[in-house]
Structure formats: structure tokens, C-alpha cells
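Enquirer: Below: sequence and its predicted model.
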Amino acid sequence: MSEDLENKEIIFSEQDSDTKKVDNNDSESIVDTNILRPKSFDEYVGQEKIIQSLSIATQASKKRDESLDHVLFYGPPGLGKTTLSYIISNQIESNFIHTSGPALERPADAVGLLSNLSPKDVLFIDEIHRIPKSVEEYLYSAMEDFRVDFITGTGAFAKTINLKLEKFTLVGSTTRPGLLSSPLRDRFGLSYHLDYYDDKDLSDIVIRSSALMNLKIDKKCALEIAKRSRGTPRIANRLLRRVRDYLEVKNIKTFNEKLIDESLEIEGVDTLGLDRLDRQYINIIAKNYQGGPVGIEAISASLNEDQATLSDVVEPFLLKIGFIVRTSQGRKITKDAINHLGIELEIQDQERLI
């Protein structure tokens with residue numbers, strides 16, 4: 001592959017449809033958030049089985065000099081779906097084209113994007129479940145046969161034009177795989193579910209990020225940040241930045257547990273990683289609805305928060321740590337949630353909790 005194709009990234013954004021190329025080796029052109037992004041599978045922490053499978057697949061495709069099978073990543077936000085897509089592009093030494101489902105509003109958007117792909121390019125579509133149905137149908141033949149059929153003219157003058165495409169790899173990312181249609185989902189040769197990280201892996205991520213940010217942190221302090229990161233690397237890096245900011249303002253050079261507590265308390269993050277909205281959610285169920293069960297619509301109205309925010313952002317972590325349960329009647333909080341927040345309920349109410 002020629003040098004001008006190596007280590008390039010092309011981004012199509014909703015705000016700016018112009019093509020942008022960024023040299024991945026030019027540190028001056030990379031925003032701070034990308035500095036922490038791993039560039040290879042060896043640098044990636046966690047998700048060992050997925051890394052092993054992807055490593056074999058990319059090495060095999062490179063050895064055969066073929067495009068990689070289409071890849072689907074699904075799971076909660078912040079677990080590394082975009083990062084893995086970047087790594088795939090780096091491993092097979094191809095262009096990385098980044099767009100999102102909402103950005104592909106019309107079939108012409110998809111056809112224009114697909115027709116400009118070079119051999120073995122990686123086309124990454126974030127929030128792929130939000131692609132309109134009319135656009136999605138163009139992806140079927142593009143993914144399977146590497147061609148696009150579109151109609152020009154109307155009535156008796158209508159004509160079908162067959163456009164041949166270069167063999168590329170489509171990488172889709174979604175937090176809601178259930179919203180993907182079966183025809184689209186079945187066209188992905190590789191499909192991976194990313195799950196929450198454990199505290200050890202998150203601690204390793206915090207230590208790695210600290211080194212890249214020229215910060216000194218010991219394992220104990222890294223673990224304290226990891227425990228509050230909700231099993232999510234993106235949150236771990238965000239909390240690390242907030243602690244760094246606090247230390248800089250206080251003119252303190254060394255991390256310690258007390259300073260981590262102080263800095264994250266300002267951010268509203270407690271020792272388990274619960275934020276203000278999480279606590280409000282639990283308090284509403286406990287005090288307004290006697291611990292539940294209560295429907296998500298009632299909780300949303302009480303908190304004045306969008307239902308999608310509660311179901312997609314708040315509830316997954318609370319379910320994971322066992323602070324709420326979903327029943328056929330609605331949401332209920334558990335004794336663990338009551339004990340953690342120190343909420344006082346009547347004895348008869350506590351007996352109703354799980």
C-alpha cells in the first residue's frame with residue numbers, strides 16, 4: 001500500500017461534510033482525547049477474547065491481502081468500540097473513514113460515501129441503528145456484493161445504474177443492537193459484545209493514561225479511581241482528568257486517596273461511582289414510591305429526565321451492581337441501594353425490598 005494511504009483517518013461529521021484527513025503520527029493534529037487511545041491490540045487493556053479473535057482475523061486478512069469481514073460492535077457506551085475500530089484500521093494499514101448513522105440522512109449520502117472508498121478501507125458507522133431504512137437498504141448489496149444499484153429518472157425514463165464498489169470493511173457500532181434489522185445484522189461476519197470492565201483492568205487503564213499524561217500515580221490510587229468508573233474506560237479517563245485538574249489548582253504534585261475523595265466529591269461521584277442523577281433516581285423510587293415497583297414513565301416525569309437517558313445511561317449500571325431490579329410491574333430498588341445511600345424507610349416498606 002502506498003505511503004499516502006498509510007495511517008490516515010478520514011472523518012465525515014454531521015456539522016461538516018468536507019473530508020478531513022488526519023495524520024495519526026502527527027501529535028500536533030490529535031486532540032487530547034485521542035492521545036489516550038491505544039493504537040494497537042498490544043496496547044489495548046481488557047476484552048481479551050475479543051482482542052484475540054480480532055487479532056487473528058486482521059492478521060489473516062492481511063496475509064491474504066484481502067479486506068476484513070464486516071465487523072459489528074455492540075454494548076454500553078464508553079467501552080472501546082470506536083477505539084477497536086481505529087486499531088483494526090491501523091492493523092490492516094488502511095484508511096479510516098468515520099461517520100454516524102444520523103449523518104446518513106439520504107440514500108445519496110450513502111452512495112457518495114461508498115463510491116469514494118478505496119480498496120480495504122475501513123468505514124466506521126457509529127450509532128448504526130439510527131440509519132434510516134431507505135439508506136440501510138443500500139448497504140445490503142454494498143456489504144454483500146460490493147455494488148450499489150440506484151435509479152435515475154422517473155416513469156418511462158427511469159434507469160437502474162449498477163455502481164461497482166471497491167472491497168471495503170464496514171465496522172458498525174451500536175449501544176442498542178435490538179434496533180438493528182435482521183438483514184443488516186446478518187451481513188456482519190464478525191460480531192462482538194463488549195461488556196463492562198473489572199476494577200483490575202480499569203486500574204491498568206488509569207495507570208497507562210496517567211503515564212501518557214505525565215502524571216505519577218500508584219496502584220492504590222489508580223484502583224480508587226477504577227472503583228468509581230462504573231466499569232467504563234471512558235469514565236475512568238474522565239475522572240482521572242478531573243482529579244488532575246483538582247491537583248493542579250491546589251498545586252499538589254502527588255496523588256493520594258484523600259485528594260481523590262475530595263476532587264470526585266465535587267463532581268458528585270461517590271465511592272461506587274454513582275453520580276447525582278443515579279442517587280436522585282434511587283431516592284425518587286424510595287421516597288415517592290416506597291421502593292417500587294414503579295414504571296419508567298413515572299420516574300421520568302418525577303425527575304424531569306428523558307426516558308431514554310434513564311434506561312440507556314442510568315439503569316444499566318444500577319442493574320449491574322444490584323441496586324435496582326426490573327419486574328413486570330416496574331422498577332424496584334434493593335436493600336443494597338437503601339443501605340448504600342442511608343435512606344430511612346418504614347419497617348414495613350423495607351420488608352418489601354429485595
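Expert: In hand now; what should we look at? Residues are numbered from 1 along each chain as shown.
Enquirer: After the helix or strand harbouring residue 331, which helix or strand is next?
Expert: Assigned by DSSP states H and E, residue 331 belongs to strand 330-333. With elements assigned by DSSP H and E, the helix or strand that comes after strand 330-333 is helix 335-341.
Enquirer: counting contacts, what elements does that following helix pack onto?
Expert: Helices and strands touching helix 335-341, by 3 or more CB pairs under 8 Å, 6 or more residues apart in numbering; DSSP states H and E, are helix 276-283. All C-beta atoms are positioned from the backbone trio N, CA, C, and that covers glycine.
Enquirer: where does the residue nearest to residue 213 when sequence neighbours are not counted land on pLDDT?
Expert: Spatial nearest neighbour of residue 213, chain neighbours left out: residue 244 (6.7 Å); criterion: CB to CB, 6 or more residues apart in numbering. On pLDDT, residue 244 comes in at 91.
Enquirer: pretty sure residue 244 is touching residue 216, no?
Expert: No: between residue 244 and residue 216 there is no contact under CB atoms under 8 Å: 11.1 Å.
Enquirer: what's the domain layout of this structure?
Expert: Structural domains of the chain, as assigned by automatic domain parsing, span the residue ranges 3-193, 199-266, 276-350.
Enquirer: Quick check: the residue nearest the centre of the chain vs residue 191, distance?
Expert: Geometric centre of the chain, nearest residue: residue 77, 3.3 Å, by CA atoms, centre = their mean. The gap separating residue 77 from residue 191 is 18 Å, by CB to CB, to the nearest Å.
Enquirer: do residue 107 as well
Expert: As judged by CB to CB, residue 107 and residue 191 stand 25 Å apart.
Enquirer: Direction included, what does the one helix or strand residue 125 maps to pair against?
Expert: Assigned by DSSP H and E, residue 125 belongs to strand 122-126. Pairing partners of strand 122-126, with direction, according to DSSP bridges: strand 96-100 (parallel), strand 169-174 (parallel).
Enquirer: just how off-centre is it within its chain?
Expert: Offset of strand 122-126 from its chain centre (CA atoms, centre = their mean, to the nearest Å): 13 Å.
Enquirer: Using PDB, list the CA coordinates for that strand.
Expert: The C-alpha coordinates for strand 122-126 follow below in PDB (Å, rounded to 0.1, in the frame of the first residue of the first chain):
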ATOM      1  CA  VAL A 122     -12.400   0.700   7.000                       C
ATOM      2  CA  LEU A 123     -15.800   2.500   7.000                       C
ATOM      3  CA  PHE A 124     -16.900   3.100  10.600                       C
ATOM      4  CA  ILE A 125     -20.500   3.900  11.300                       C
ATOM      5  CA  ASP A 126     -21.300   5.000  14.800                       C
END
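Enquirer: which residues touch that strand?
Expert: Contact with strand 122-126 is made by 68, 81-82, 85, 88-89, 92, 94-101, 104, 113-114, 117, 131, 168-173, as judged by CB atoms under 8 Å, 6 or more residues apart in numbering.
Enquirer: For the domains of the chain, which has the smallest mean pLDDT value?
Expert: domain 3-193 - the lowest mean pLDDT of these, at a mean of 80.
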